[in-house]
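> no FASTA, just this:
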């Protein structure tokens, strides 16, 4: 039971980030691709660069 509870918080946080990205893409089409490309680039994540922001 403890293992199920320990996974709950990361799953909720991940779902929240997915929902936030989806709503952002509704407002600015294509912005989700920019955010996901940033998340896939480990050097950019470590440096804190967010790519191009409009």
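Here it is on my side, so go on. All values derive from a computational prediction rather than experimental measurement.

> what is the burial count for residue 37?
Using other CB atoms under 10 Å, residue 37 has 11 other residues around it. C-beta coordinates here come from the backbone N, C-alpha and C atoms, glycine included.

> can you tell me the helix or strand for it?
Under the criterion of DSSP states H and E, residue 37 resides in helix 31-40.

> flag every buried residue along that helix.
Judged by neighbour count using 16 or more other CB atoms under 10 Å, the buried positions of helix 31-40 are 32, 34, 35.

> ok, for the last one, nearest residue in space, not its chain neighbours?
Taking CB to CB, 6 or more residues apart in numbering as the measure, residue 35 lies nearest to residue 21, with 5.7 Å between them; neighbours along the chain are not counted.

> next: the first one.
Distances taken as CB to CB, 6+ apart put residue 25 closest to residue 32, at 3.9 Å, once the chain neighbours are dropped.

> the one helix or strand residue 11 maps to versus helix 31-40: what angle between them?
Residue 11 belongs to helix 2-27 when elements are defined using DSSP H and E. Counting by axes from the mean of the first three to the mean of the last three CA atoms, to 10 degrees, helix 2-27 lies at 140 degrees to helix 31-40.

> by contact count, what packs against helix 2-27?
Counting contacts by 3 or more CB pairs under 8 Å, 6 or more residues apart in numbering; DSSP states H and E, helix 2-27 packs against helix 31-40.

> list the contacts of residue 7.
The contact partners of residue 7, by CB atoms under 8 Å, 6 or more residues apart in numbering, come to none.

> from residue 14, how far off is it?
10 Å (CB to CB, to the nearest Å).

> most centrally placed residue in the protein?
Against the mean C-alpha coordinate of the chain, by CA atoms, centre = their mean, the closest residue is residue 17 at 4.8 Å.

> list the contacts for it?
With CB under 8 Å, 6+ apart, residue 17 has no contacts at all.
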